[in-house]
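this is the structure alone, sequence omitted:
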């Protein structure tokens, strides 16, 4: 089982990886509506990473837990690496069109929501829980916006 510190570390890594992947695809698409959506998503990922980083900084780790902090970085690197859950195995160069790209990002956002819903069970502070719920709602809004794009027959 991961400690709260490790879980928050994973959340930060997940958001940063999502931002990098989204920004990379932003630079490779010529579709202006998709570009706008990808930029918005990347900005959201940055805000979420900052919030999780702040929360991680509030987790009390006294001197007895110094080893946990050191091990945490190794565990997160092994667990998440430079990839995130559903983006890990995606070969973006093999994606054929905007529709397929949008479907990949929908799956990533769904994985993120599932992870944060699991994270919620570890939070006892009501204010922190409310903020996490807002982030989950924002991730769900990403999914809705992406699904809305899929409804466009031109994609």
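Looks like it came in fine. Quantities reported herein were computed from a predicted structural model and do not represent experimental measurements.

next one: residue 130 relative to residue 95, how far apart?
37 Å (C-beta to C-beta, to the nearest Å). C-beta coordinates here come from the backbone N, C-alpha and C atoms, glycine included.

from memory residue 108 sits against residue 18, does it?
Yes. The criterion here is C-beta atoms under 8 Å, and residue 108 meets it with residue 18 at 6.4 Å.

burial measure for residue 98, as a count.
19 (other C-beta atoms under 10 Å).

not counting sequence-adjacent ones, nearest residue to it?
Nearest residue to residue 98, sequence neighbours excluded (C-beta to C-beta, 6 or more residues apart in numbering): residue 155, at 5.0 Å.

so who does the one you found touch?
Residue 155 makes contact with 31, 97-99, 102, 149, according to C-beta atoms under 8 Å, 6 or more residues apart in numbering.

and residue 130 and residue 95? which has more neighbours close in?
residue 95 (16 against 10).

torsion angles phi and psi at the more buried one?
phi -70, psi 130 (degrees, to the nearest 10).

then residue 31?
phi -70, psi 110.

with residue 130 instead?
The phi/psi pair for residue 130 (degrees, to the nearest 10) is phi -70, psi -40.

so where is the protein shaky, pLDDT-wise?
Applying pLDDT under 70 to the chain flags the ranges 1-4, 60-90, 92-93.

helices along that one, start to end?
4-28, 32-58, 66-79, 98-120, 126-150 (DSSP state H).

just put those helices in a markdown table and tack on distance to residue 91.
A markdown table is the format used below for the helices of the chain (distance: least, C-beta to C-beta, whole Å):
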| stretch | distance to residue 91 |
| --- | --- |
| helix 4-28 | 12 |
| helix 32-58 | 18 |
| helix 66-79 | 22 |
| helix 98-120 | 10 |
| helix 126-150 | 20 |
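
of those helices, which stretch is the most buried?
For the helices of the chain, the largest average neighbour count (mean count of other C-beta atoms under 10 Å) is found in helix 4-28, namely a mean of 20.
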